[in-house]
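S.K.: The sequence and its predicted three-dimensional model are supplied below.
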Amino acid sequence: MSMRKLIAILCVFVLTVGIFGGCASDDEQPSSSNSEKKSDTKSESKGEEKPYELSFLFLGDDAAKSVNADNDRVVKEMSERLGVTFQFRSVPEGGYEKINIAIASGDLPDVVNSSYPNAAVSQWIRDGVILPINDYFDIMPTVKEQCERESWTAVDGQYYGYPFIAQKGITNSNIVVRGDWMEELGIEEPQTLDEFHDMLLKFRADKDTYGISGAKPIGNFAWVFHAYGLEYADWSLDVDSNVIPKFEDPSFKLGMEYLKTLWDEDLIDKEFMLNDNKMKEEKWYQGKVAVVDLPLYRHVSRHEGNLQKVDPNGKLTYIAPPAGPEGNRGFAGEGKSGMLTAITAACEQPEKAAAFIELLVSPEGRDLLTLGIEGVHYTKDGDTINYNLEEREKDNFASNGWSHFLAWGTVTWPLASNYLPQIEPNRERALDSVDFASQYQMGNLVPLKTESEIEFKGLLDEIYNEKFIMMLTGEVTIDEGITSLSEEWRDQGGDQVLAEVQKIYDSLK
């Protein structure tokens, strides 16, 4: 890192730390454990060198326990293996903006984890805030293998962290229905758009509730457009093989007309664009809506358990996305985004940070974080794992055989690792929900995100979302909305994005 960049970062810190520290409330600060500041590397009283204190700022996992590393035997084991002590700070799952604020303030940890790719991470790379890790590949074999697998993440041949790309070839996203209501009303699983519409009408009439809901900003109605023939999850092609945005594909107009019918008949929750995911789930648990999109797999027990707290007879049923006139159907798109775990320029011992990231992703590290210490947190009887739940509880493991707080949300998810504890309730059903959903996952036209796509994403998404809601609610006609959406989207950076995507598509043909 150049001296000029280091001075710039220090200046930003001096100017902003008072604002960042004084204005944010406690629940807006990244949560922390262990000491709040790095300890001196040497003991003044004895002159003994202390282990390096490695700080890690990361996205938490809502299914995990809160970060509390004090007296944690798994953390102690990691400390002994690496020759470091730790300072952990986390933000709530999905709270990467708080990560960005911390980094922008100059509050640099040794290791940082954030969503990826995004404009903030690209800026970190340009400004030298995070370091290339190629020089540490000799002590990071698992990381090296993953980087080479996701070679598109390199910038001028340099990798700037461990890239985890979620839901590639597998998905846990399902369309979920109140199965008890289906049974009560004698409704068979709908196979077509017309049958799905009829099901919502019956729910509306009998239960006096909305048929379907979603989460802000515009819900997840991809299944409608795929039913009308949209072939890819990311882009489309015109008749001359030119890359076009999905809303210029003929399927988009047909899909919007279908959704507009549902809206006009009060079959779509009128406030869905205000829901966060938790609000959407709560509405479904409470019987305010009949159909939602939910992540299943490890969440099957949680969702159905929460439903049955409200209605003991409640039943979770997942269904296939309905088919369109030509028999097309699909739902979740294959991933091209996830998370990046990187070493910052503030790290005084980057080789220690590199070894830490490698431990998080290596097979032995995964065993430590999911199972714990053999003989303490679990024992083995052949292939059978016997979980010592009482001891696991002492060391920040989640319940029912689930994992340590460091296991998920940074370098992998349980779905990607095919991890379910042997004592997981509804294990077979959880596995089936993934097999079922993955049948309907839609591939991408292009397997990566371009620089301009990352740069303009926020603005282009805002334009699309605004026009989508205007068309859905009837503020503009669908034809008018598509025309204005296309013009504004292309004018505000879309054409530049399309040009880059076209080059990649042509090179892959």
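M.R.: Cool, the structure landed. Residues are numbered from 1 along each chain as shown.

S.K.: Only C-alpha atoms from now on, for both contacts and neighbour counts.
M.R.: OK.

S.K.: Relative to Ser151, how far out is the residue nearest the centre of the chain?
M.R.: The centroid of the chain falls nearest to Gly338 when counting by Cα atoms, centre = their mean (6.0 Å). Per Cα to Cα, to the nearest Å, Gly338 is found 15 Å from Ser151.

S.K.: The residue nearest to the centre of the chain against Tyr162, yeah?
M.R.: No. Contact criterion Cα atoms under 8 Å: Gly338 and Tyr162 do not qualify, at 10.6 Å.

S.K.: Name the nearest residue to the residue nearest to the centre of the chain, ignoring sequence neighbours.
M.R.: With sequence-adjacent residues excluded and distances taken as Cα to Cα, 6 or more residues apart in numbering, Gly338 is closest to Ile165, at 4.4 Å.

S.K.: Over to Tyr258?
M.R.: Val224 (7.7 Å).

S.K.: what's the helix or strand encompassing the one you found packed up against?
M.R.: In this assignment (DSSP states H and E), Val224 forms part of helix 222-227. With contacts taken as 3 or more Cα pairs under 8 Å, 6 or more residues apart in numbering; DSSP states H and E, helix 222-227 sits against helix 250-264.

S.K.: So which bits of the helix it packs on are buried?
M.R.: 251-260, 262-263 (16 or more other Cα atoms under 10 Å).

S.K.: Stretch 497-509 now?
M.R.: 497-498, 500-502, 504-505.

S.K.: same thing with stretch 161-176?
M.R.: 161-168, 170-176.

S.K.: can you pull the contacts of Leu254?
M.R.: 225, 228 (Cα atoms under 8 Å, 6 or more residues apart in numbering).

S.K.: confidence score at it?
M.R.: You'll see Leu254 listed with a pLDDT of 98.

S.K.: Ile7 too?
M.R.: The per-residue pLDDT reported for Ile7 equals 36.

S.K.: How about the one 10 residues further on?
M.R.: The per-residue pLDDT reported for Val17 equals 34.

S.K.: Ok, Asn400 next?
M.R.: 84.

S.K.: repeat for Glu231
M.R.: Note on Glu231: pLDDT of 98.

S.K.: Then Glu44?
M.R.: 43.

S.K.: Same question for Lys509.
M.R.: Reported pLDDT at Lys509 in the predicted model: 79.

S.K.: Isn't Lys98 up against Val91?
M.R.: Yes. Look at Lys98 against Val91 with Cα under 8 Å: they come within range, at 6.9 Å.

S.K.: Settle it for me: which of those two has more neighbours?
M.R.: Between Lys98 and Val91, counted using other Cα atoms under 10 Å, Val91 has the larger neighbour count: 22 against 19.

S.K.: and that one, how far is that from Gly409?
M.R.: 11 Å.

S.K.: shared neighbours, those two?
M.R.: 59-60.

S.K.: can you pull out the strands in the stretch 251-400 of the chain?
M.R.: Taking DSSP state E, counting those that start in this stretch, the strands of the stretch 251-400 of the chain run over residues 289-295, 316-319, 338-343, 378-381, 384-387.

S.K.: Ok, which of these comes nearest Leu359?
M.R.: strand 338-343 (12.4 Å; Cα to Cα).

S.K.: and the closest one, how far out from the chain's middle?
M.R.: Between the centre of strand 338-343 and the centre of its host chain there is 13 Å, according to Cα atoms, centre = their mean, to the nearest Å.

S.K.: How about the contacts made by Tyr505?
M.R.: Taking Cα under 8 Å, 6+ apart as the test, what Tyr505 contacts is 445-446.

S.K.: Three-state assignment for it, please.
M.R.: Classification of Tyr505 by DSSP: H, G, I helix; E, B strand; the rest coil places it in helix.

S.K.: Would you format the buried residues of helix 250-264 as a markdown table with distance to Ala345 included?
M.R.: Output for these, formatted as a markdown table (distance: Cα to Cα, whole Å):
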| residue | distance to Ala345 |
| --- | --- |
| Ser251 | 47 |
| Phe252 | 45 |
| Lys253 | 49 |
| Leu254 | 51 |
| Gly255 | 48 |
| Met256 | 48 |
| Glu257 | 52 |
| Tyr258 | 52 |
| Leu259 | 49 |
| Lys260 | 51 |
| Leu262 | 52 |
| Trp263 | 51 |
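
S.K.: Between these, which sits nearest Ala120?
M.R.: Taking Cα to Cα as the measure, Ala120 sits nearest to Phe252 out of the buried residues of helix 250-264, at 31.0 Å.

S.K.: Contacts for stretch 371-387 next, please.
M.R.: 74, 388-389, 391-392, 401, 403-404, 422.

S.K.: buried subset of those?
M.R.: 74, 388-389, 392, 401, 403-404.

S.K.: following the lengthiest helix in the chain, which helix or strand comes up?
M.R.: Across the chain, the longest stretch assigned as helix under DSSP state H is helix 451-473. With elements assigned by DSSP H and E, the helix or strand that comes after helix 451-473 is helix 478-489.
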